[in-house]
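Asker: Here is my input, please return the structure:
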Amino acid sequence: MEKVDLPVHNHPLLPLTRFSLGRCKGCWSHGYIYGGYRCNELGCDTLFHKECAESLPDINHSSHPDHPLKLVRKFQSSICSLCQVWFDTGYFCSICDFKLDLGCAWRPSPPLTLENTNTHEHQLVLSNGVGSELSQSTRNCKVCSSEVLEFKQYYECHQCELVFHVKCTKISLEEYHTSHPEHPLKFLTGDEAPGYADKKCLLCGVEFNQELHHCDVCNFSICRGCAGNPPPLSVMSSKTHEHQLHLFPRLVDFTCNACGTRGEGSPYLCFQCKFMIHRDCIDLPRIININRHDHCISYTRRLGHGDWTCGVCREKVDGFHGAYSCSVASKCSSSYVVHSKCATRKDVWDQIELEGTAEEEEVSPFEVVDDTTIKHFSHEHCLWLIEDGRILQENKLCEACVFQIQSESFYSCEQCDYILHERCANISIKKRHVCHSQPFTLHTSSGTKTSRCALCERKFTGFMYKSASHKILDVRCGSISEPFEHDSHPHPLYYSEKTYKHCSAHGGGMKIGMLSCDECDYSLDFRCALLPKMVVNHRYDDHPLFLSYGDSYVWGEYWCEACETKVNPKKWYYTCNECGVVLHISCVVGDFSYITPVRAGSLTRSNKEVVPNTCVCRKICSTCNSRCKLPSVLKVSKPGVDSYYCSNSCDTSYLLI
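Answerer: This is a model prediction of the structure:
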């Protein structure tokens, strides 16, 4: 469906038949929105009721009959003159200081007095809370027993000294409902609910919170939200089904045809072809991007017979129900399929619908000059490919990943010291990553300013990936994809942030955001998973050092060549395959290993800078008083004195005055 420009929002809005659970940006009420509008711009996950989105530019309202009201999209700290609630978009009077939020604008104004209500036998008088004695002591609503806030509108009985929420006065203690027209539903609170009654709403599945509407003849119970905002009895959604769908308000077990998962409660069904669907699966988006795949995926009502596995959860996909598959399968090495529920998860999908838009073309990070020469977007000069397997000096670092050139192919500039690994020169400008639903864009380094990677939590310089919401990844963490293969484990690893786990490499504290095995209890954090497999460190050995993943059968003692303390042979460490030299991980890769050291003669504006530690006489750490072992250290300059720190834990400079 075409997007439309409406005055309530600064982006075009997409009209939907979808049932969305969320908060309306217009009136700020939370609950199910049936057939409203949503924003389809990246990072702007905004929902509107249909009535709020279609608000007129000018209105006359019964609450302010003397003057017309004008719609303004963004107020500065505004409070609705009726309900006393803060709001952004609403109506104002250009003559006097009267303001109205969108909810109050399209809902009927509450009357000043109520007579003969179902909730109380005496007259109720509307109060706006100004000058109220409620602020002196907490008083609860007589109907729902929850607190009545003194700054909001409420009704008051002066005879009984009782107060009522405005919405609670509209509750009928016994009334018929569209989803259950056979018998009236009784409004019950607290202990009034019978023990046999269901604990969840029959329509939306939400657990009851001290209030429910109940039929004791049919044992039919719904929540207050569905009682006041009932789901439509029928709906048309051509995206998911060609016929009209009807609400079936019964507690039934079923399999949703749109997503293939089990459901219990009240499905929507098609009487013509016995099609059944969750209310949340109505109007599924047709074409989307997810963070697990490089191409668009599109919704199909049936995949057909086949051995399908979900690309997100790795569970079986039933081909006779709806699912998503790669829109450009010809470019994939194998058919890519995702469950409908998995594809539309908020941590997987960026919430942008792509139907009717062309897929983005991949932008190359460089122009090819000839077979061995490129012009990379990050540098003003041409770069030449070198493939002779040379190992450069320890201080020659790749500008992208800030690590050594170790017998790998790399690009070099003949006019300056600019160097890029060949693999780093090929990393994508645009990247989708398993850790975030929004896409990332590659940014080059900005001098000596450091950033912190959201995954490995290391400070770094060099290239970075950044999302629209400013989530930052270094290029090492940003370049991984699933399945992640690691030499320390025979099974593939997958990103997981649902549960806290220990890192199997160092056994450290539990954390989320790990690479985990589906088949066994093995997990790696990003620091360990992306440790370099080979490091050149001529200070301790003339040969390359290789990462060892420990040996559970070794019972002897290993000693670190750098710090001269014991190394646990069952844990990870670095070793020389020729000399047998052993070093701790922390003695090879430190807190400042991914920060480009300040070059000699460079000017910096900060009193903190990472400097090389490659001279014969190594720096002494100002905290632990040991000779710093790592090739770079932190230098903190104070008037007349320079201090050096070998790690973040030793850096106490922020305590100094």
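Asker: what residue of the chain is the furthest out?
Answerer: Centroid-distance maximum for the chain: residue 159 at 52.0 Å, with CA atoms, centre = their mean.
Asker: so that one touches residue 122, yeah?
Answerer: Yes. Using CB atoms under 8 Å, residue 159 is in contact with residue 122, at 5.0 Å. C-betas here are computed from N, CA, C, even on glycine.
Asker: still on that earlier bit, what's the distance between the residue farthest from the centre of the chain and residue 453?
Answerer: Distance from residue 159 to residue 453, counting by CB to CB, to the nearest Å: 65 Å.
Asker: try residue 583
Answerer: Noted for residue 583: a distance of 24 Å to residue 453, by CB to CB.
Asker: What of residue 81?
Answerer: 49 Å.
Asker: what's the answer for residue 349, then?
Answerer: On the measure of CB to CB, residue 349 and residue 453 end up 24 Å apart.
Asker: In terms of neighbours, single out the busier of those two.
Answerer: It is residue 453, of residue 349 and residue 453, that has more neighbours when counted by other CB atoms under 10 Å, with 23 against 20.
Asker: How many residues are close by the closest residue to the more buried one other than its chain neighbours?
Answerer: On the basis of CB to CB, 6 or more residues apart in numbering, the spatially nearest residue to residue 453 that is not a chain neighbour turns out to be residue 474, at 4.4 Å. Neighbour count for residue 474, taken as other CB under 10 Å: 27.
Asker: In terms of pLDDT, where does residue 298 sit?
Answerer: Per-residue pLDDT puts residue 298 at 93.
Asker: Touching, it and residue 290? I think so.
Answerer: No. When contacts are counted by CB under 8 Å, residue 298 is not listed as touching residue 290 (11.4 Å).
Asker: what do the two both touch?
Answerer: The contact sets of residue 298 and residue 290 overlap at residue 324 (CB atoms under 8 Å, 6 or more residues apart in numbering).
Asker: Name the residue in those two with the higher neighbour count.
Answerer: Neighbour comparison, residue 298 and residue 290: the larger count goes to residue 290, with 24 against 17 (by other CB under 10 Å).
Asker: show me what contacts the more buried one?
Answerer: By CB under 8 Å, 6+ apart, the contact set of residue 290 is 297, 312, 324, 338, 343, 348-350, 432, 437.
Asker: Now stretch 355-362: average pLDDT?
Answerer: pLDDT averaged over stretch 355-362 gives 80.
Asker: Just the residues contacting it, thanks.
Answerer: Counting by CB under 8 Å, 6+ apart, residues outside stretch 355-362 touching it are 285-287, 295-296, 327-328, 428, 430.
Asker: Among those, which pair sits farthest apart?
Answerer: Farthest-apart pair in the contacts of stretch 355-362 is 286 and 428; separation 25.7 Å (CB to CB).
Asker: Strands of the stretch 351-500 of the chain, residue ranges please.
Answerer: 366-370, 373-376, 383-386, 410-412, 419-421, 430-431, 440-443, 451-452, 459-460, 464-467, 472-474, 493-496 (DSSP state E, counting those that start in this stretch).
Asker: Out of these, flag the one nearest residue 47.
Answerer: Nearest to residue 47, of all the strands of the stretch 351-500 of the chain, is strand 464-467, at 21.5 Å by CB to CB.
Asker: Specify the beta-bridge partners of the closest residue in space to residue 343 that isn't next to it in sequence.
Answerer: Closest residue to residue 343 in three dimensions, ignoring its sequence neighbours and counting by CB to CB, 6+ apart: residue 324, at 4.4 Å. Counting by DSSP bridges, residue 324 is bridged to residue 299, residue 338.
Asker: how close does residue 324 sit to residue 338?
Answerer: Distance, residue 324 to residue 338, using CB to CB: 5 Å.
Asker: Which of those two has more residues huddled nearby?
Answerer: Shown here are residue 324 and residue 338; by other CB under 10 Å, residue 324 has more neighbours (31 against 28).
Asker: The more buried one: what's it in contact with?
Answerer: Contacts here follow CB under 8 Å, 6+ apart; on that basis residue 324 touches 288, 290, 297-300, 337-340, 343.
Asker: Kindly report the same for residue 433.
Answerer: Contacts of residue 433 by CB under 8 Å, 6+ apart are 291, 440, 465, 473, 478, 480.
Asker: mind redoing it with 7 Å?
Answerer: Residues near residue 433 by CB atoms under 7 Å, 6 or more residues apart in numbering: 291, 440, 473, 478.
Asker: possible to save the strands of the stretch 351-500 of the chain as TSV with distance to residue 41 and mean pLDDT?
Answerer: Shown next, in TSV, are the strands of the stretch 351-500 of the chain (distance: least, CB to CB, whole Å; pLDDT from 0 to 100):
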stretch	distance to residue 41	mean pLDDT
strand 366-370	30	93
strand 373-376	31	95
strand 383-386	37	94
strand 410-412	37	94
strand 419-421	34	93
strand 430-431	17	92
strand 440-443	16	95
strand 451-452	26	91
strand 459-460	30	92
strand 464-467	14	95
strand 472-474	22	95
strand 493-496	26	92
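Asker: Tell me which of those strands sits nearest to residue 635.
Answerer: Nearest to residue 635, of the strands of the stretch 351-500 of the chain and by CB to CB, is strand 459-460 at 14.7 Å.
Asker: Figure out how far the closest one is from the centre of its chain.
Answerer: Strand 459-460 sits 22 Å away from the centroid of its parent chain (CA atoms, centre = their mean, to the nearest Å).
Asker: Can you list the strands that that strand pairs with?
Answerer: strand 451-452 (antiparallel).
Asker: List the contacts of the partner strand.
Answerer: If you take CB under 7 Å, 6+ apart as the criterion, strand 451-452 is touched by 459-460, 464, 472.
Asker: Can you work out which residues contact both of residue 324 and residue 338?
Answerer: Contacts common to residue 324 and residue 338, judged by CB under 7 Å, 6+ apart, are residue 297.
Asker: now the helices for the stretch 201-350 of the chain?
Answerer: Ranges of helices in the stretch 201-350 of the chain, per DSSP state H, counting those that start in this stretch, are 224-228, 340-343.
Asker: Would you mind finding the most buried of those helices?
Answerer: Among the helices of the stretch 201-350 of the chain, the stretch with the highest mean neighbour count (mean count of other CB atoms under 10 Å) is helix 340-343, at a mean of 24.
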